[in-house]
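Enquirer: Generate a structure from the sequence data that follows.
(one chain, ligands or ions: 2)
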Amino acid sequence: MELTVKPFGGALGASVSGLDFRDPITPERKTELNAAWMEHLILVFPDQPLTDEEHVKATHAFGEPEVFHQNIIKSSRVPEIFRVSNVDDNDQIMEPKHPTMQQLGSARKWHTDSSYRPNPAMGSLLHGIEISRTGGQTCFINMYAVYDAMPESLKAKVEGKRARHDFEMLSRIAAARKPTDEERASMPAVWQPMVRVHPVTGRKSLYISPIYNDGIEGMEDDAAMTLFQELTDFAEQEQFVYRHTWSPHDMLLWDNRCTMHLVTPHDPTERRVMHRTTIVGDGPPIAA
Ligand code: OGA
Ligand code: MN
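Expert: Ligands and ions are numbered 1, 2, ... in the order given. The predicted structure follows:
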(Lines give C-alpha, C1' and ligand atoms only; values in the text may rest on other atoms or scores of the structure.)
(Ligands and ions follow the chains in the order given, each with its own letter.)
Protein backbone atom coordinates (compact mmCIF):
# COMPACT_ATOMS: atom_id res chain seq x y z
CA MET A 1 0.00 0.00 0.00
CA GLU A 2 1.15 3.55 -0.78
CA LEU A 3 1.75 5.84 2.15
CA THR A 4 -0.27 9.06 1.81
CA VAL A 5 0.93 12.02 3.85
CA LYS A 6 -1.48 14.98 3.97
CA PRO A 7 -0.11 18.10 5.71
CA PHE A 8 -2.70 19.98 7.77
CA GLY A 9 -1.56 23.20 6.14
CA GLY A 10 -0.85 25.09 9.35
CA ALA A 11 2.17 25.34 11.60
CA LEU A 12 2.79 21.62 11.88
CA GLY A 13 1.24 18.20 11.50
CA ALA A 14 0.12 15.81 8.80
CA SER A 15 -2.17 12.83 8.62
CA VAL A 16 -0.83 9.56 7.33
CA SER A 17 -2.89 6.87 5.69
CA GLY A 18 -2.09 3.72 3.74
CA LEU A 19 -0.62 1.83 6.67
CA ASP A 20 -1.93 -0.49 9.34
CA PHE A 21 0.34 -0.69 12.37
CA ARG A 22 -0.72 -4.32 12.87
CA ASP A 23 1.18 -5.26 9.70
CA PRO A 24 4.95 -5.68 9.78
CA ILE A 25 6.73 -2.43 8.92
CA THR A 26 9.50 -2.82 6.34
CA PRO A 27 12.79 -0.92 6.70
CA GLU A 28 11.85 1.18 3.63
CA ARG A 29 8.52 2.06 5.22
CA LYS A 30 10.29 3.04 8.45
CA THR A 31 12.55 5.38 6.50
CA GLU A 32 9.53 6.93 4.79
CA LEU A 33 7.66 7.35 8.09
CA ASN A 34 10.62 8.91 9.86
CA ALA A 35 11.18 11.35 6.98
CA ALA A 36 7.52 12.44 7.17
CA TRP A 37 7.85 12.75 10.96
CA MET A 38 10.93 14.97 10.72
CA GLU A 39 9.20 17.16 8.14
CA HIS A 40 5.83 17.58 9.91
CA LEU A 41 6.83 17.15 13.61
CA ILE A 42 3.57 15.44 14.46
CA LEU A 43 1.81 12.71 12.55
CA VAL A 44 -1.75 11.50 12.96
CA PHE A 45 -2.53 7.93 11.93
CA PRO A 46 -6.32 7.55 11.81
CA ASP A 47 -8.15 4.30 12.40
CA GLN A 48 -5.54 2.19 14.22
CA PRO A 49 -7.48 0.00 16.67
CA LEU A 50 -4.37 -1.51 18.26
CA THR A 51 -3.95 -3.61 21.37
CA ASP A 52 -1.37 -2.32 23.85
CA GLU A 53 1.06 -4.98 22.66
CA GLU A 54 0.61 -3.88 19.03
CA HIS A 55 1.06 -0.28 20.12
CA VAL A 56 4.39 -1.11 21.78
CA LYS A 57 5.45 -2.99 18.66
CA ALA A 58 4.51 -0.05 16.40
CA THR A 59 6.65 2.23 18.58
CA HIS A 60 9.72 0.32 17.40
CA ALA A 61 9.29 1.89 13.94
CA PHE A 62 10.53 5.13 15.54
CA GLY A 63 12.76 4.05 18.41
CA GLU A 64 12.88 2.18 21.71
CA PRO A 65 9.84 2.36 24.00
CA GLU A 66 10.62 3.57 27.51
CA VAL A 67 9.33 2.25 30.84
CA PHE A 68 8.04 5.11 33.02
CA HIS A 69 9.64 5.66 36.43
CA GLN A 70 6.40 5.94 38.43
CA ASN A 71 4.04 3.06 39.01
CA ILE A 72 0.91 5.16 39.40
CA ILE A 73 0.53 5.88 35.71
CA LYS A 74 2.20 2.85 34.24
CA SER A 75 -0.05 0.04 33.06
CA SER A 76 0.20 -2.95 35.38
CA ARG A 77 -0.17 -5.24 32.38
CA VAL A 78 2.15 -3.75 29.72
CA PRO A 79 4.98 -1.78 31.38
CA GLU A 80 5.76 0.35 28.32
CA ILE A 81 2.22 1.76 28.40
CA PHE A 82 1.68 5.06 30.19
CA ARG A 83 -2.01 5.49 30.99
CA VAL A 84 -3.17 9.01 30.16
CA SER A 85 -6.56 8.12 31.44
CA ASN A 86 -9.17 9.10 34.01
CA VAL A 87 -10.03 5.42 34.42
CA ASP A 88 -7.88 3.27 36.70
CA ASP A 89 -6.37 -0.12 35.94
CA ASN A 90 -9.61 -1.73 37.24
CA ASP A 91 -11.69 0.34 34.80
CA GLN A 92 -13.09 2.67 37.49
CA ILE A 93 -13.35 6.40 36.82
CA MET A 94 -11.07 8.41 39.15
CA GLU A 95 -12.17 11.52 41.05
CA PRO A 96 -10.47 14.77 39.97
CA LYS A 97 -8.75 14.91 43.40
CA HIS A 98 -7.14 11.48 42.93
CA PRO A 99 -3.32 11.94 42.92
CA THR A 100 -3.07 10.42 39.45
CA MET A 101 -5.63 12.89 38.12
CA GLN A 102 -3.77 15.75 39.78
CA GLN A 103 -0.58 14.68 38.09
CA LEU A 104 -2.19 14.18 34.67
CA GLY A 105 -3.88 17.57 35.15
CA SER A 106 -0.47 19.20 34.74
CA ALA A 107 -0.73 18.29 31.02
CA ARG A 108 -3.26 21.11 30.70
CA LYS A 109 -0.25 23.41 30.60
CA TRP A 110 2.36 23.55 27.84
CA HIS A 111 5.21 21.09 28.21
CA THR A 112 7.37 18.63 26.40
CA ASP A 113 7.57 15.12 27.81
CA SER A 114 10.29 14.13 30.29
CA SER A 115 12.42 17.23 29.74
CA TYR A 116 13.49 16.69 33.39
CA ARG A 117 15.59 13.71 32.32
CA PRO A 118 19.22 14.14 31.24
CA ASN A 119 18.20 12.33 28.08
CA PRO A 120 14.56 13.37 27.51
CA ALA A 121 12.16 11.27 25.46
CA MET A 122 12.59 11.80 21.75
CA GLY A 123 8.93 11.28 20.96
CA SER A 124 5.60 10.01 22.21
CA LEU A 125 2.92 7.93 20.50
CA LEU A 126 -0.58 8.42 21.93
CA HIS A 127 -3.51 6.15 21.12
CA GLY A 128 -7.01 7.56 21.60
CA ILE A 129 -9.03 4.59 22.86
CA GLU A 130 -12.00 6.33 24.48
CA ILE A 131 -11.96 9.96 23.48
CA SER A 132 -13.50 12.95 25.16
CA ARG A 133 -16.37 14.76 23.44
CA THR A 134 -16.32 17.75 25.75
CA GLY A 135 -12.85 19.14 25.11
CA GLY A 136 -9.76 17.03 25.56
CA GLN A 137 -8.13 18.31 22.40
CA THR A 138 -4.37 17.90 22.27
CA CYS A 139 -2.63 21.04 21.04
CA PHE A 140 0.90 21.32 19.70
CA ILE A 141 3.36 24.16 19.10
CA ASN A 142 6.05 24.14 16.43
CA MET A 143 9.06 25.30 18.46
CA TYR A 144 11.30 25.67 15.39
CA ALA A 145 8.85 28.23 14.01
CA VAL A 146 8.71 29.92 17.40
CA TYR A 147 12.47 30.24 17.56
CA ASP A 148 12.67 31.52 13.98
CA ALA A 149 10.01 34.16 14.67
CA MET A 150 11.37 35.37 18.01
CA PRO A 151 12.49 39.00 17.93
CA GLU A 152 16.24 39.42 18.38
CA SER A 153 15.62 41.01 21.78
CA LEU A 154 13.89 37.84 23.00
CA LYS A 155 16.46 35.53 21.38
CA ALA A 156 19.19 37.42 23.22
CA LYS A 157 17.57 36.46 26.54
CA VAL A 158 17.81 32.71 25.86
CA GLU A 159 20.83 32.34 23.59
CA GLY A 160 23.55 30.33 25.35
CA LYS A 161 21.38 29.99 28.50
CA ARG A 162 20.28 26.86 30.29
CA ALA A 163 16.96 26.30 32.05
CA ARG A 164 16.37 24.10 35.05
CA HIS A 165 13.86 21.27 34.61
CA ASP A 166 12.66 19.51 37.74
CA PHE A 167 10.10 16.71 37.91
CA GLU A 168 9.22 17.91 41.38
CA MET A 169 7.76 21.12 39.92
CA LEU A 170 4.64 19.09 39.19
CA SER A 171 3.86 18.74 42.85
CA ARG A 172 4.19 22.51 43.24
CA ILE A 173 1.99 23.57 40.33
CA ALA A 174 -0.51 20.76 40.00
CA ALA A 175 -1.08 19.67 43.59
CA ALA A 176 0.16 16.27 42.51
CA ARG A 177 1.55 14.29 45.41
CA LYS A 178 5.13 14.97 46.41
CA PRO A 179 7.63 12.60 44.85
CA THR A 180 8.90 9.97 47.25
CA ASP A 181 12.53 10.21 48.39
CA GLU A 182 13.29 7.35 46.06
CA GLU A 183 11.68 9.10 43.08
CA ARG A 184 13.47 12.31 43.92
CA ALA A 185 16.83 10.56 44.15
CA SER A 186 16.27 8.84 40.83
CA MET A 187 15.26 12.10 39.12
CA PRO A 188 17.48 15.04 40.16
CA ALA A 189 16.82 18.35 38.40
CA VAL A 190 18.69 18.90 35.13
CA TRP A 191 19.89 21.97 33.23
CA GLN A 192 18.93 21.98 29.56
CA PRO A 193 19.91 24.42 26.80
CA MET A 194 17.11 26.88 26.03
CA VAL A 195 17.98 26.82 22.35
CA ARG A 196 18.72 23.35 21.03
CA VAL A 197 19.74 21.89 17.72
CA HIS A 198 17.68 18.96 16.51
CA PRO A 199 20.01 15.99 16.05
CA VAL A 200 18.31 14.86 12.84
CA THR A 201 17.15 18.02 11.09
CA GLY A 202 19.89 20.33 12.38
CA ARG A 203 17.25 23.02 12.99
CA LYS A 204 17.25 25.25 16.06
CA SER A 205 14.27 25.44 18.38
CA LEU A 206 13.31 27.07 21.64
CA TYR A 207 13.42 24.38 24.33
CA ILE A 208 11.35 25.06 27.41
CA SER A 209 8.85 22.92 29.31
CA PRO A 210 6.97 25.31 31.58
CA ILE A 211 5.43 22.69 33.90
CA TYR A 212 8.94 21.60 34.90
CA ASN A 213 10.93 24.85 34.60
CA ASP A 214 11.86 26.66 37.79
CA GLY A 215 15.05 28.54 37.02
CA ILE A 216 17.43 29.96 34.44
CA GLU A 217 21.19 30.10 34.75
CA GLY A 218 22.43 33.47 35.95
CA MET A 219 18.96 34.88 36.69
CA GLU A 220 16.98 35.53 39.84
CA ASP A 221 14.09 33.08 40.16
CA ASP A 222 11.40 35.74 39.81
CA ALA A 223 12.96 37.14 36.64
CA ALA A 224 13.34 33.59 35.29
CA MET A 225 9.68 32.79 35.91
CA THR A 226 8.67 36.04 34.20
CA LEU A 227 10.81 35.12 31.20
CA PHE A 228 9.25 31.62 30.99
CA GLN A 229 5.85 33.31 30.93
CA GLU A 230 6.97 35.73 28.22
CA LEU A 231 8.34 32.86 26.12
CA THR A 232 5.18 30.82 26.62
CA ASP A 233 2.95 33.76 25.65
CA PHE A 234 5.01 34.20 22.50
CA ALA A 235 5.02 30.49 21.66
CA GLU A 236 1.30 29.86 22.07
CA GLN A 237 0.28 32.30 19.34
CA GLU A 238 -2.21 30.69 16.97
CA GLN A 239 0.14 30.71 13.99
CA PHE A 240 2.44 28.22 15.76
CA VAL A 241 -0.30 25.87 16.99
CA TYR A 242 -2.14 22.78 15.75
CA ARG A 243 -5.16 21.56 17.74
CA HIS A 244 -6.05 17.92 17.42
CA THR A 245 -9.67 16.90 17.80
CA TRP A 246 -9.61 13.18 18.45
CA SER A 247 -11.47 10.43 16.67
CA PRO A 248 -11.47 6.99 18.28
CA HIS A 249 -8.33 5.03 17.43
CA ASP A 250 -6.28 7.90 16.18
CA MET A 251 -2.60 7.32 16.86
CA LEU A 252 -0.73 10.56 17.31
CA LEU A 253 3.06 10.74 17.13
CA TRP A 254 4.97 13.83 18.24
CA ASP A 255 8.57 14.92 18.45
CA ASN A 256 9.41 16.14 21.97
CA ARG A 257 12.62 17.77 20.74
CA CYS A 258 10.95 20.53 18.73
CA THR A 259 7.33 20.77 19.95
CA MET A 260 5.34 21.46 23.11
CA HIS A 261 1.84 20.19 23.80
CA LEU A 262 -1.09 20.43 26.18
CA VAL A 263 -4.55 18.99 26.55
CA THR A 264 -7.60 21.27 26.78
CA PRO A 265 -9.97 20.81 29.74
CA HIS A 266 -12.55 18.04 29.51
CA ASP A 267 -15.49 16.80 31.53
CA PRO A 268 -13.97 14.73 34.38
CA THR A 269 -17.08 12.53 34.63
CA GLU A 270 -16.69 11.37 31.04
CA ARG A 271 -14.28 8.51 30.39
CA ARG A 272 -11.10 9.46 28.55
CA VAL A 273 -8.76 6.56 27.91
CA MET A 274 -5.56 7.29 26.05
CA HIS A 275 -2.53 5.01 26.08
CA ARG A 276 0.92 6.38 25.40
CA THR A 277 4.25 4.90 24.61
CA THR A 278 7.27 7.09 25.01
CA ILE A 279 10.32 6.83 22.78
CA VAL A 280 13.68 6.79 24.54
CA GLY A 281 15.77 9.88 23.86
CA ASP A 282 18.66 9.89 21.41
CA GLY A 283 20.95 11.76 23.80
CA PRO A 284 21.05 14.93 25.87
CA PRO A 285 19.76 18.04 24.05
CA ILE A 286 22.47 19.65 21.92
CA ALA A 287 23.04 23.31 22.74
CA ALA A 288 22.84 25.64 19.74
C1 OGA B 1 0.91 13.15 27.18
C2 OGA B 1 0.02 14.29 27.27
C3 OGA B 1 -2.07 15.01 26.38
C4 OGA B 1 -3.43 14.44 26.23
O5 OGA B 1 0.44 12.05 26.95
O6 OGA B 1 2.13 13.35 27.29
O7 OGA B 1 0.44 15.36 27.62
O8 OGA B 1 -4.12 14.85 25.29
N9 OGA B 1 -1.23 14.05 26.90
O10 OGA B 1 -3.84 13.63 27.05
MN1 MN C 1 2.71 15.25 27.75
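Enquirer: Tell me which stretches of this structure form helices.
Expert: Under the criterion DSSP state H, helices of the chain are mapped to 27-40, 52-59, 99-105, 143-149, 152-158, 169-173, 181-186, 221-235.
Enquirer: wait, does stretch 193-210 make contact with ligand 2?
Expert: No: no part of stretch 193-210 sits near ligand 2 under the criterion CB under 5 Å from the ion; the closest distance found is 9.3 Å. All C-beta spots, glycine's among them, are computed from the backbone N, C-alpha and C.
Enquirer: Show me what counts as buried in that stretch.
Expert: Neighbour-count burial for stretch 193-210 flags 193-198, 203-210 (criterion: 16 or more other CB atoms under 10 Å).
Enquirer: so who does the closest residue to Glu80 other than its chain neighbours touch?
Expert: Leaving aside its sequence neighbours, Glu80 sits nearest to Pro65 (CB to CB, 6 or more residues apart in numbering; 4.1 Å). Listed by CB atoms under 8 Å, 6 or more residues apart in numbering, the contact partners of Pro65 are Val56, Thr59, Glu80, Thr277, Thr278, Ile279, Val280.
Enquirer: roughly how far apart are the last one and Lys74?
Expert: Just to be clear, that refers to Val280. Distance of Val280 to Lys74, given as CB to CB, to the nearest Å: 15 Å.
Enquirer: repeat for the second one
Expert: The gap separating Thr59 from Lys74 is 15 Å, by CB to CB.
Enquirer: can you check the first one too?
Expert: Taken as CB to CB, the spacing of Val56 relative to Lys74 amounts to 13 Å.
Enquirer: can you check the fourth one too?
Expert: Counting by CB to CB, the separation of Thr277 from Lys74 is 11 Å.
Enquirer: quick one on the thing from earlier: got any residues that touch both of Val56 and Lys74?
Expert: With CB under 8 Å, 6+ apart as the test, Val56 and Lys74 both reach Ile81.
Enquirer: Show me which positions of the least confident helix or strand in the chain by mean pLDDT end up buried.
Expert: Sorting the helices and strands of the chain by mean pLDDT, DSSP states H and E puts helix 169-173 at the bottom, at a mean of 73. Neighbour counts over helix 169-173 (16+ other CB under 10 Å) mark Met169, Leu170, Ser171 as buried.
Enquirer: Packing partners of it?
Expert: Here helix 169-173 touches strand 213-216, going by 3 or more CB pairs under 8 Å, 6 or more residues apart in numbering; DSSP states H and E.
Enquirer: what sits up against the strand it packs on?
Expert: So strand 213-216 is contacted by 161-166, 169, 172, 189, 194, 221, 223-225, 227-228 (CB under 8 Å, 6+ apart).
Enquirer: List buried members of those by neighbour count.
Expert: Lys161, Arg162, Ala163, Arg164, His165, Asp166, Met169, Met194, Ala224, Met225, Leu227, Phe228.
Enquirer: my read: the fourth one touches Val190, true?
Expert: Yes: the pair Arg164 and Val190 passes the contact test of CB atoms under 8 Å, sitting 7.5 Å apart.
Enquirer: deepest of the helices of the chain, which one?
Expert: Mean neighbour count (mean count of other CB atoms under 10 Å) peaks for helix 143-149 among these, with a mean of 21.
Enquirer: Remind me what it packs against, helices and strands.
Expert: Using 3+ CB pairs under 8 Å, 6+ apart: helix 143-149 touches strand 204-206, helix 221-235.
Enquirer: what comes into contact with it?
Expert: 11-12, 41, 155, 195, 198, 201, 203-207, 234-235, 239-240, 258-260.
Enquirer: Now that helix: average pLDDT?
Expert: Helix 143-149 shows a mean pLDDT of 98.
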